[in-house]
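K.L.:
I would like to see how this sequence folds:
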Amino acid sequence: MYVAYIVNQDADEPLAHARADQPAEIPPTVAVPAMMEAIVQDAYGTSPATALRLAEVPLPSIGDGEVLVRVSAASVDKGTWHVMTGQPYAMRLAGFGVRAPKAPNPGRSLAGTVAIVGQGVTAFTPGDEVYGTCDGSFAEYASAKVGMLASKPTSLSFAQAAAVPISGSTALQALRKAQVQSGQHVLIVGASGGVGTFAVQIAKAFGAEVTGVCSTEKVAFVRSLGADAVIDYQLEELAAGGHPYDAIIDTGGNRKLTHLRRLMTRRGTLVIVGSETGGRWLGGFERSLEAVLLSPLVSQKLSMLVSTENATDLDRLRDLIQTGKITPAIDRTYPLSETATAIAYVQDGHARGKVVITM
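P.N.:
Down below sits the predicted model:
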């Protein structure tokens, strides 16, 4: 059941007042236009330039427990490319759409202002600044479930806040799964990426001694995040850290499990967050499956992470942000019209931290 709401047909005209006979439970709204600019994806495609287009479309409807958000910024990550391409194919069977994408565009992280609240929503009111996830965030407006949003950290700009939801939540859940504690030695593979930059900072907030792994040109950047040591994988072996690791968070490598296991303590934990082999069917997921199957046979804990987006973790991240323990690292921003260029930049592996789309 969709909740009725008033739409301003002309953005220059004030929103009409509700009639006296309207049900009292219809929530208040702010003026919104009837149409919006958004990135549109009609079919899966491997080239952002051809798969995506900027168009004027109607605003999305909201249902019970949902809000309409005026999007100020949205972020790009590796997952954006996967949603756009529908690869690996296994993700299509996981609910993203078999023949064509279900989402109107591949954007998922956002930060913005609540414009309209749906039936039963009490957590937010129009005008509240929020951040979180939804389907179709590369647009001027997006509908989002209340359970996927939290109040925006007041210390962050909208662009900074948009960088947090997916990458920050993934890093937090990976470190939590690895049961990282104060005094432990933690290795972050892919420390300069979206998830990796958060993982380095959160692990430090947990009191761990952190070693980051990245390419030569990003060593100084990873060190600036607070890493105690940095390994340049182009010049050094990962064993250069000189001691076994209590936990390894692999955010996108494709190193063999036997190699990673040699770097860990006898009771160490490996959490595989991502893998990029380019395979169309599993795309590297087979390494995660191998880890799960091998784990019961060895003393070390080998696991994969299936991250889940939720307001509770966004609240936890906000606390870490407000206390200065983590700060989103943004490489660059692009306007909505250059979303395809932004996605290509991330996919090419150039980004240091996050890339953000601003409206």
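
K.L.:
state the helix or strand in which residue 302 lies.
P.N.:
Here residue 302 sits within strand 301-304, counting by DSSP states H and E.

K.L.:
name the residues that touch whatever helix or strand comes next after that strand?
P.N.:
Following strand 301-304 in sequence order, the next helix or strand is helix 311-322 (DSSP H and E). Contact with helix 311-322 is made by 131-132, 146-156, 164-165, 168-169, 172-173, 201-202, 205, 326-328, as judged by C-beta atoms under 8 Å, 6 or more residues apart in numbering. Any C-beta I mention is one placed from the backbone N, CA and C, and that applies to glycine too.

K.L.:
so what's residue 300 up against?
P.N.:
261, 264-270.

K.L.:
could I get those residues as TSV with secondary structure and neighbour count?
P.N.:
Shown next, in TSV, are the contacts of residue 300 (DSSP: H, G, I helix; E, B strand; the rest coil; neighbours: other C-beta atoms under 10 Å):
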residue	secondary structure	neighbour count
261	helix	17
264	strand	21
265	strand	15
266	strand	8
267	strand	9
268	strand	23
269	strand	22
270	strand	25
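
K.L.:
which members of those residues are the farthest-apart pair?
P.N.:
Across those, the longest distance by C-beta to C-beta is 12.9 Å; it joins 266 and 270.

K.L.:
got the end-to-end distance for stretch 50-65?
P.N.:
From its first residue to its last, stretch 50-65 covers 35 Å (C-alpha to C-alpha, to the nearest Å).

K.L.:
show me what counts as buried in it.
P.N.:
51-52, 54, 57, 59-60, 62, 65 (16 or more other C-beta atoms under 10 Å).

K.L.:
so which of those residues sit within strands?
P.N.:
Among these, DSSP state E puts 54, 57 in strands.

K.L.:
chain neighbours aside, what residue packs nearest to residue 205?
P.N.:
Nearest residue to residue 205, sequence neighbours excluded (C-beta to C-beta, 6 or more residues apart in numbering): residue 325, at 4.1 Å.

K.L.:
what's the angle from the strand or helix carrying residue 344 to strand 53-58?
P.N.:
In the assignment (DSSP H and E), residue 344 maps to helix 339-347. Relative orientation of helix 339-347 versus strand 53-58 (axes from the mean of the first three to the mean of the last three C-alpha atoms, to 10 degrees): 130 degrees.

K.L.:
show me the contacts for residue 206.
P.N.:
Applying C-beta under 8 Å, 6+ apart, the residues near residue 206 are 175, 180-182.

K.L.:
could I get these as a markdown table with pLDDT and neighbour count?
P.N.:
A markdown table is the format used below for those (pLDDT from 0 to 100; neighbours: other C-beta atoms under 10 Å):
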| residue | pLDDT | neighbour count |
| --- | --- | --- |
| 175 | 98 | 24 |
| 180 | 98 | 24 |
| 181 | 96 | 13 |
| 182 | 98 | 8 |
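
K.L.:
where's residue 294 relative to residue 304, distance?
P.N.:
If you measure residue 294 against residue 304 using C-beta to C-beta, to the nearest Å, the figure is 11 Å.

K.L.:
of the two, who's got more company?
P.N.:
Using other C-beta atoms under 10 Å as the criterion, residue 294 and residue 304 rank with residue 304 on top: 21 against 15.

K.L.:
ok, that one to residue 189 distance?
P.N.:
In this structure, residue 304 and residue 189 are 14 Å apart, going by C-beta to C-beta.

K.L.:
give the residues shared as contacts by those two.
P.N.:
By C-beta under 8 Å, 6+ apart, no residue touches both residue 304 and residue 189.

K.L.:
just checking, next helix/strand downstream of the helix holding residue 344?
P.N.:
strand 354-358.

K.L.:
in that following strand, what counts as buried?
P.N.:
Applying 16+ other C-beta under 10 Å to strand 354-358 flags 354-357 as buried.

K.L.:
equivalent analysis for stretch 343-352, please.
P.N.:
Quick answer for stretch 343-352 (16+ other C-beta under 10 Å): 343-347, 351-352.

K.L.:
can you put the residues you listed in TSV and add distance to residue 77?
P.N.:
Formatted as TSV, the buried residues of stretch 343-352 follow (distance: C-beta to C-beta, whole Å):
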residue	distance to residue 77
343	10
344	13
345	12
346	7
347	10
351	9
352	13
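
K.L.:
which stretches of this protein have low pLDDT?
P.N.:
In the predicted model of the chain, residues 1-29, 88, 90-95, 240-241, 275-284 satisfy pLDDT under 70.

K.L.:
ranges for the helices of it?
P.N.:
48-51, 78-85, 90-91, 158-162, 165-177, 194-205, 219-224, 257-262, 285-294, 311-322, 339-347 (DSSP state H).

K.L.:
show me the contacts for residue 48.
P.N.:
81, 84, 339-341, 343-344, 347.
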